[in-house]
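1. sequence first, then the predicted structure:
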Amino acid sequence: MLLYGSIFFSFVFFSFSLSWAASDPARHSLLQCLSESIGSPDVSAIVVSNTNPNFTFVLGARIHNSRFNKSSTPKPAIIIAPFEESHVSAAVICSQKLGFQLRTRSGGHDYEGLSYVADQPFFMLDMYKLHSVSIDMADESAWVQAGATLGELYYNIWEKSNVHGFPAGVCPTVGVGGHISGGGYGTLIRKYGVSTDHLVDAKIVDANGKILDRKAMGEDLFWAIRGGGGGSFGVILAYKIKLVRVPETVTVFRVERSLEDNATEVAFKWQTVAATTDSNLFMRMLLQTNTKNNQTAVKVSILGLFLGDADGVVTLLNKDFPELGLRKDKCTEMRWIDSVLWWAEFDLGTPPIVLQYRNNKDTSFLKRKSDYVQTPIPRDGLESLWKKMSENGKVGLACNAYGGIMNEINETESAFPHRAGNLYKIQYWVNWYEPDNEADVTYTNQAKAVHEFMTRFVSNNPRRTYLNYRDIDIGTTKTWSYEEGKAYGVSYFHGNYERLVHVKTKVDPNNFFSFSLSYAASDPTYQSLLQCLSQSIPSQNASAILFSNTNPSYASVLQAYIRNARFNTSTTPKPAIIITPTEESHVSAAVNCSQKVGFHLKVRSGGHDYEGLSYVFGQPFFILDMFNLRSILVDISDESAWVQAGATLGELYYNIWESSNVHGFPAGLCPTVGVGGHLSGAGYGTLIRKYGLASDHIVDARIVDVNGKILDREGMGEELFWAIRGGGAASFGVVLAYKVKLVRVPKTVTVFRVDNLLSDNANTTDIAYKWQSVAATTDNNLFMRMILQPATRNRRRTVRVSIRGLYLGDANNAVALLNRDLPELGLSRENCTETSWIGSVLWWTSIAVGTSPTALLDRNVNNADFLKRKSDYVQTPIPRTGLESLWQKLIGGNVGLACNSYGGRMDEISATETPFPHRAGNLYKIQYTVNWDEPGNVADMNFTSQARELHEFMTPFVSKNPRRAYFNYRDMDIGTAENWSYEEGKVYGESYFIGNYERLVDVKTAVDPENFFRNEQSIPPRT
């Protein structure tokens, strides 16, 4: 079994400081060891202990984030400041001998202080004296020591040539060692790529203290230190870089826009133009707020560098980006070296020698985060961002254009993976000067809030981040295991993480560089599954989709789609591993490998199953979490769409709306419900009476069967295709996607709500009674839901009867229809709101009409309450006396009833057309609902008992022989399987499917005779 060393990031800080008394023997021992290693008796000049009067100055000189320059910040016992390469070798050897960690600092710009803070006794290797730069113009190359700054590098290039430059960062005090080892980008990125793309050699001190060049270290290590962070593998001494050509004249410009001055349109257009225009042009977009007269406003600034003259860039942008309105008077022509100064915010005419100044500017407290954007944020998304930024006033976004040559370099060429497919990178920034903890919490939370808000607009699976913008929020390590490292490693490196781990294991197996040795490989289940998956898909892709229970992200991934807090407790059985496929082939591999490893497999799309059957099991199991498989392809010409199982209903509705305002789909009301489970269990919504169920509109599907084969409708056959349209696909395989036919909706629909309290309106019972027959027999264009719930008025308990409706037409016709069919309701024009169909979707979700439909893309709108649901079907109206007795029952508890009208198209479809049998003969379906906030068994017993008691009370009024229930409202009270026998399954199977249960059993027996796909209420095979 291969043991993995962990990649080097150490993101956990604890308060630790060595006492002065302890530092003296450490200094003495270090001096003695260094003298022996270097062969010189006097090495005290490179050692600064914490008793040295210069210690604070040396330490603070290259701390660029005041958050990590406090009295409570852990400090090194000793700072080692080598001025010869042999000193570095000795420092590596002696730190290990003395049992101290070694942190390496080149410029100190790492945002989380990782180069000068640690949670264990440590020395700091401060490289600032190793800062020579040797330019070879004949070879157009340079050797640059790790302690040099970017400013020193640029200055030395300029001294030799005014037509050469180097593609690196804009801040001149950034250290070369850390910047280049982490990727390194700047204003030449679109023309020449990142810094690591121009490395041709390097010198590194390895864990044994040996100085190695490219030939000696080998190509794997040389690959790793080009974007993978050199500090994981050794101490970078120097890089040999190739210079790039720049013209004698370049042009810079800056254009600012307010929201009143077309800023949204400028920002929207910039997203595509900046990444696709001439590669000689780099543009950065700054989004920031300013406050004037207590009013916070957003400002959009476009800054650019063009490798050419002003006329050229004005012509280019007037063609590609006329919205910007760039004029020549906004441009400044200059030398490339002067553009370096301009980007660093020096005044025009400042001499380049200032680039050699290392003095720290006034440092502030700061937090940084990053993201990559791969599709343009829509205009309404930008408008919602402006609002979010105004709420979190100090946070700004620096958006840096990609494209150009970045699209041409393979993401595995170096460890830096962010290449083709990215429009731009975002840096979130917030700075402040208040030193107290309250300010720290306030401003870091602001950054996190904006970052969280941006989730739906940026890359995902994984959410990508830039290594040089270190961010401990991504994940932290306590044991430095492979799994812990993976949490942030795949964000920084994607599939390259695996190769980096292999390099780390080879060159530093004892993990001296910042880590103690601890391996996820000790988990045999994880290793067995990974090994099996890797036989079908590349190993780096396999590891990226696995979250074992030792992974720091495990809990957040598991809980993200738990919609019932009853199944999110410490005692809830949890999966050994969560598998999060990003490609359909991953699902096939997961099905095969779960069987080989001997684990059950639960399949989760949206997590709304009320009894947690997609993510809880009483035996060892994996979860196959489908949230990454959520593509939607709408074909309006065919009036159809392919929808992957991990998409949500909200995402489906939004994509339909983007393509047409006269099409919809007859599915559920809650936008975070997953398509896979909803459609496979039938799926109903407000279009049920006009068009039937979601499953009635499925015309094709793709499913992975028990053998791991991907089958479409033709491949699976009509029997299995019948079964997965209402019979619960999880009994038969893993649905990958459904092809659905869209339905026509008018441009204008009407929604309404009329509430009546029993205590205020004597006609309330008459309304409820009459609704039962009218709702199922009125015009098919009208759907009405009746909600019955306990309420309090003037401190007295009563019942509220709420009638909510959708009419496929205008308000005048809705009012006329109901004044004829249900005059007791007293519907008036004032109760009605005309809107589009997509507006009605928002209205039913309790989102205000007029809200942007992008709200439907939010997967996190539902807080997970504790809840219990049950269901029934009513086939004859409950008499008035029955309703009056129901009112008394409701008044005494907390349970409500949501009554959803049937009839219309539902009466026309045979009960055997699909497994969903509840068609003609049903007036309406009842959902019993109760939610609560109090955790614990007492509350659980109280509220679930109330639901059961009310359900029992309703027995005389609902369907019988069998008492019918809706499959998508899973209810374990009906019955469960322990042995998965035919007889056990029949108990709940006939309630959900009536006579269709027999046919479902036959299908199950044919496609999964060994019953691999099972849960507590699955269809059993006959055998």
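-> Received the coordinates, thanks.

2. quick one: contacts of stretch 938-957?
-> Applying C-beta atoms under 8 Å, 6 or more residues apart in numbering, the external contacts of stretch 938-957 come out as 566, 866, 868-870, 872, 874, 878, 882, 886, 889-890, 893-895, 897, 926, 928, 930, 932, 963, 973. Backbone N, C-alpha and C define where each C-beta goes, glycine included.

3. Ile79: how many residues sit nearby?
-> Applying other C-beta atoms under 10 Å, we find 23 residues neighbouring Ile79.

4. of the contacts of stretch 938-957, buried ones?
-> Using 16 or more other C-beta atoms under 10 Å as the burial test, the contacts of stretch 938-957 include 566, 866, 868-870, 872, 874, 878, 886, 889-890, 893-895, 897, 926, 928, 930, 932, 963 as buried.

5. just the CA trace of the biggest helix by length in the chain, in CSV.
-> Counting residues, the longest helix found in the chain (DSSP state H) is helix 20-38. This file holds the C-alpha atoms of helix 20-38, laid out as CSV (Å, rounded to 0.1, in the frame of the first residue of the first chain):
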residue,chain,number,x,y,z
TRP,A,20,13.3,33.8,26.8
ALA,A,21,14.9,31.3,29.1
ALA,A,22,14.2,28.5,26.7
SER,A,23,15.6,30.5,23.8
ASP,A,24,19.2,30.7,25.1
PRO,A,25,20.0,27.0,25.0
ALA,A,26,18.3,26.7,21.7
ARG,A,27,20.5,29.5,20.3
HIS,A,28,23.6,27.9,21.8
SER,A,29,22.8,24.5,20.3
LEU,A,30,21.9,26.0,16.9
LEU,A,31,25.1,28.0,16.8
GLN,A,32,27.2,24.9,17.6
CYS,A,33,25.4,22.8,14.9
LEU,A,34,25.7,25.6,12.3
SER,A,35,29.4,26.0,13.0
GLU,A,36,30.0,22.3,12.5
SER,A,37,27.9,22.2,9.3
ILE,A,38,29.3,25.3,7.7
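
6. mind listing residues that contact it?
-> With contact meaning C-beta under 8 Å, 6+ apart, helix 20-38 is reached by 18, 41-44, 46-47, 49-51, 77-78, 80, 86-87, 89-91, 93-94, 97-98, 100, 121, 123, 209.

7. and the contacts of stretch 938-957, which of them are in strands?
-> Among those, the members found in strands (DSSP state E) are Phe866, Lys868, Arg869, Lys870, Asp872, Val874, Leu897, Ile926, Tyr928, Val930, Trp932.

8. give the pairing partners of the helix or strand just after the longest helix of the chain; include direction for each.
-> Per DSSP states H and E, the first helix or strand lying C-terminal to helix 20-38 is strand 47-49. When pairing is defined by DSSP bridges, strand 47-49 lines up against strand 78-80 (antiparallel).

9. and the residue nearest to Ser95 when sequence neighbours are not counted, what are its bridge partners?
-> Leaving out its chain neighbours, the residue that sits closest to Ser95 by C-beta to C-beta, 6 or more residues apart in numbering is Leu102, at 4.2 Å. Applying DSSP bridges to Leu102 gives these bridge partners: Phe123.

10. so how many other residues sit close to Leu102?
-> Applying other C-beta under 10 Å, we find 22 residues neighbouring Leu102.

11. wait, isn't it in contact with Gly231?
-> No: contact criterion C-beta atoms under 8 Å: Leu102 and Gly231 do not qualify, at 9.4 Å.

12. which of the ones in strands among the contacts of stretch 938-957 sits closest to Asn819?
-> Nearest to Asn819 out of those is Val874 (C-beta to C-beta; 25.0 Å).

13. residue contacts, the closest one?
-> With the criterion set at C-beta under 8 Å, 6+ apart, Val874 makes contact with Gln772, Cys899, Asn922, Leu923, Tyr924, Lys925, Ile926, Phe957, Val958, Ser959.

14. can you check Ala775 too?
-> Shown in contact with Ala775 (C-beta under 8 Å, 6+ apart): Met784, Met786, Ser901, Gly903, Leu923, Tyr924.

15. distance of the nearest residue to Pro671 once chain neighbours are set aside relative to Pro853?
-> Leaving aside its sequence neighbours, Pro671 sits nearest to Gly650 (C-beta to C-beta, 6+ apart; 2.7 Å). Using C-beta to C-beta, to the nearest Å, Gly650 is found at 9 Å from Pro853.

16. okay, and the common contacts of those two?
-> Here Gly650 and Pro853 have Val841 as joint contacts, going by C-beta under 8 Å, 6+ apart.

17. who's more crowded, these two?
-> Gly650 (25 against 20).

18. phi first, then psi, for that one.
-> As for Gly650, its main-chain torsions (degrees, to the nearest 10) stand at phi -60, psi -40.

19. my guess is Ile1019 contacts Val1001. True?
-> Yes: in terms of C-beta under 8 Å, Ile1019 counts as a neighbour of Val1001; the distance is 6.1 Å.

20. any common contacting residues for these two?
-> Gly985, Gly989.

21. where does pLDDT dip in the chain?
-> Along the chain, the parts satisfying pLDDT under 70 run over 1-24, 41, 360-362, 476, 478-480, 514-523, 539-540, 552, 861-863.

22. so for Ile1019 and Val1001, which residue has more residues nearby?
-> Ile1019 (32 against 21).

23. the more buried one: what secondary structure?
-> Following DSSP: H, G, I helix; E, B strand; the rest coil, we place Ile1019 in the coil state.

24. list the contacts for it?
-> Gly727, Gly728, Ser731, Phe732, Gly985, Gly989, Tyr997, Leu1000, Val1001, Val1003, Lys1004.

25. one more time with 7 Å, if that's ok
-> Applying C-beta atoms under 7 Å, 6 or more residues apart in numbering to Ile1019 gives the contacts Gly727, Ser731, Gly985, Gly989, Leu1000, Val1001, Lys1004.

26. same question, Phe55
-> Contacts of Phe55 by C-beta under 7 Å, 6+ apart are Val48, Ser49, Ile79.

27. how far away is it from Thr173?
-> According to C-beta to C-beta, Phe55 stands 21 Å off from Thr173.

28. same thing with Val235?
-> Val235 is 21 Å from Thr173, by C-beta to C-beta.

29. who's more crowded, those two?
-> Shown here are Val235 and Thr173; by other C-beta under 10 Å, Val235 has more neighbours (28 against 21).

30. let me see the contact set for the more buried one.
-> By C-beta under 7 Å, 6+ apart, the contact set of Val235 is Val88, Val92, Thr104, Leu125, Ile204, Val205.

31. and it, its phi and psi?
-> phi -120, psi 110.

32. the nearest residue to it once chain neighbours are set aside: neighbour count?
-> Spatial nearest neighbour of Val235, excluding adjacent residues (C-beta to C-beta, 6+ apart): Val205 at 4.4 Å. Close neighbours of Val205, defined as other C-beta under 10 Å, add up to 25.

33. one step back: out of the contacts of Val874, the closest to Val754 would be?
-> Nearest to Val754 among the contacts of Val874: Cys899, at 14.5 Å, using C-beta to C-beta.

34. which strands and helices sit next to the helix or strand that contains the closest one?
-> Using DSSP H and E, Cys899 sits in strand 896-901. Helices and strands touching strand 896-901, by 3 or more C-beta pairs under 7 Å, 6 or more residues apart in numbering; DSSP states H and E, are strand 782-793, strand 924-932.

35. before we move on, back to that, can you flag the buried ones in the contacts of helix 20-38?
-> Buried subset of the contacts of helix 20-38 (neighbour count, 16+ other C-beta under 10 Å): 18, 43, 46-47, 49-50, 77-78, 80, 87, 89-91, 93-94, 98, 100, 121, 123, 209.
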